[in-house]
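Novice: sequence and predicted structure are below.
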Amino acid sequence: MDLANTLNLLHSVNLAAIEVGEHFYWEIGKYKIHGQVFLVSWFVIGVLLVASIAATRNIQRIPTGFQNFMEYVLDFLRGLAKDQIGEKEYRPWVPFIGTLFLFIFVSNWSGALIPWKLIEIPEGELSAPTVDINTTVAFALLTSLAYFYAGISKKGLGYFADYAQPSPIMVPFRAIEDFTRPLSLSFRLFGNILADELAVGVLVLLVPLIVPLPLMILGLFTSAIQALIFATLAASYIGEAMESHGEEHHD
Amino acid sequence: MMTQWILLAEQTSEGGLFDLDATLPLMAIQFLLLATILNILFYKPLGKAIDDRASYVQGQIAQAKKQKEEALALAQRYEQELKEVRKQSQGIISTAQSEAQKIVSDQIQQAQQEVIAERQKASEEIEAERVEALSALEQEVTALSRQILEKVIGLEFAQ
């Protein structure tokens, strides 16, 4: 009972309380949206825009400073897209995949590094946008649309004929895959980031100092990995949708 | 306590962990807008910078390769020319040497001939003078002998 009392005491001090599933609702017409998600996502977008402008304000042939860093980032994103989609087709997809990675990465790290919870809002609490399932489902559905678009724009309706490759038995599996892909994409990201924030939150609640640090560092690692996984999977789905079975052996 | 909270969160009339609402489409639209803006602000200009640099470096390498090839060809040509010129100069030197040799031998020969000629002339002169001297001597001898005769046997007999 002592322990419970201490916990209650901590809770009443409100040094670090955990709030799950409470949202800061805004109403637009008759629709409700989660305000805390948009507030932090605007911060993330702001960070990305400022970084982009700072890097491209004065482009030089011999890059220095921040331009150098952002070129490294762009090279990384291009490499990610190129590895999954292939040298020929990857260029138009760099903005989509790159933005997926950058947005998720900056969201996750901002959630892990910035103590959003200290900023009081009327309801719920600020945290990484990727902790909200709306965000991850939105990205997963966009990824689905993207790879359908990629496949259909490349092969027309013949894209669906490829479901029967190499044998018609594959058709139901491929059809189910179209549903499980966005599901697994969104829940993987959502679950990992939420679990990380919850674990750190619980540890901070129990022992506010030092002890949560290793878990926070692990959280940084997980966050980066999750962004990479999401972007890589999106790129690989797009690449798979565009790859042509007939010409495979000619490449 | 955690479970209580989560249960609580699930029980609330609105909200909860899996609360899908208008956030989803708005977030998707916002994301697409962000991708478009980043494409204009970030991917295109920086990508162009990277590609331009790559092609610039490629061009520089190709140019340098061409220049190296040209330089090598030029060096080869110069070496060829140098060889030819060396050969020519060798020829010139040898002809000059042979000419000089010829001149030297000619002149030596000439000099020798001159010497021989002079010597001959001198010996001829000597001969002439000797003949002259001998004839002069003979006359003198004649004169003297006449005088001696005159003195010895008298003028009348002498004539």
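Specialist: That came through fine.
Novice: tell me which residue of the stretch 151-251 of chain A lies closest to chain B.
Specialist: Residue nearest to chain B within the stretch 151-251 of chain A (Cβ to the nearest Cβ): A:Val202, separated by 6.5 Å. All C-beta spots, glycine's among them, are computed from the backbone N, C-alpha and C.
Novice: following whichever helix in chain A runs longest, which helix or strand comes up?
Specialist: Ranked by residue count under DSSP state H, the longest helix found in chain A is helix A:170-206. Per DSSP states H and E, the first helix or strand lying C-terminal to helix A:170-206 is helix A:212-242.
Novice: sorry, back to before: gap between the longest helix of chain A and the chain center?
Specialist: 11 Å (Cα atoms, centre = their mean, to the nearest Å).
Novice: A:Ala199: neighbour count?
Specialist: Neighbour count of A:Ala199, defined by other Cβ atoms under 10 Å in any protein chain shown: 16.
Novice: could you pull out the helices in chain A for me?
Specialist: For chain A, the helices defined by DSSP H occupy A:2-13, A:35-56, A:65-85, A:94-113, A:133-155, A:158-161, A:170-206, A:212-242.
Novice: tell me which other helices or strands the longest one touches.
Specialist: For helix A:170-206, the contact count by 3 or more Cβ pairs under 8 Å, 6 or more residues apart in numbering or on different chains; DSSP states H and E identifies helix A:2-13, helix A:94-113, helix A:133-155, helix A:212-242 as packing neighbours.
Novice: which of those is buried the deepest?
Specialist: Neighbour counts (mean count of other Cβ atoms under 10 Å in any protein chain shown) averaged over each of the helices and strands packed on helix A:170-206 peak at helix A:94-113, with a mean of 24.
Novice: nearest to B:Leu134, out of the helices and strands packed on helix A:170-206?
Specialist: Set against B:Leu134 and scored by Cβ to Cβ, the helices and strands packed on helix A:170-206 come closest in helix A:94-113, at 132.5 Å.
Novice: kindly format the C-alpha coordinates of that closest one as CSV.
Specialist: Output of helix A:94-113 as CSV, limited to C-alpha atoms (Å, rounded to 0.1, in the frame of the first residue of the first chain):
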residue,chain,number,x,y,z
VAL,A,94,12.0,10.7,-53.9
PRO,A,95,9.8,13.5,-52.6
PHE,A,96,7.1,11.1,-51.4
ILE,A,97,9.4,8.7,-49.7
GLY,A,98,11.8,11.4,-48.5
THR,A,99,9.0,13.4,-46.9
LEU,A,100,7.6,10.2,-45.3
PHE,A,101,11.0,9.5,-43.7
LEU,A,102,11.7,13.1,-42.7
PHE,A,103,8.3,13.8,-41.3
ILE,A,104,8.2,10.5,-39.3
PHE,A,105,11.8,10.9,-38.2
VAL,A,106,11.5,14.5,-37.0
SER,A,107,8.2,13.7,-35.4
ASN,A,108,9.6,10.8,-33.5
TRP,A,109,12.7,12.6,-32.4
SER,A,110,10.8,15.7,-31.4
GLY,A,111,8.6,13.4,-29.3
ALA,A,112,11.6,11.8,-27.7
LEU,A,113,13.8,14.9,-27.2
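Novice: what's the mean pLDDT across that helix?
Specialist: Mean pLDDT, computed over helix A:94-113, is 92.
Novice: what angle separates the longest helix seen in chain B from helix A:35-56?
Specialist: In chain B, taking DSSP H as the definition, the longest helix is helix B:44-153. Computed by axes from the mean of the first three to the mean of the last three Cα atoms, to 10 degrees, the angle separating helix B:44-153 from helix A:35-56 equals 10 degrees.
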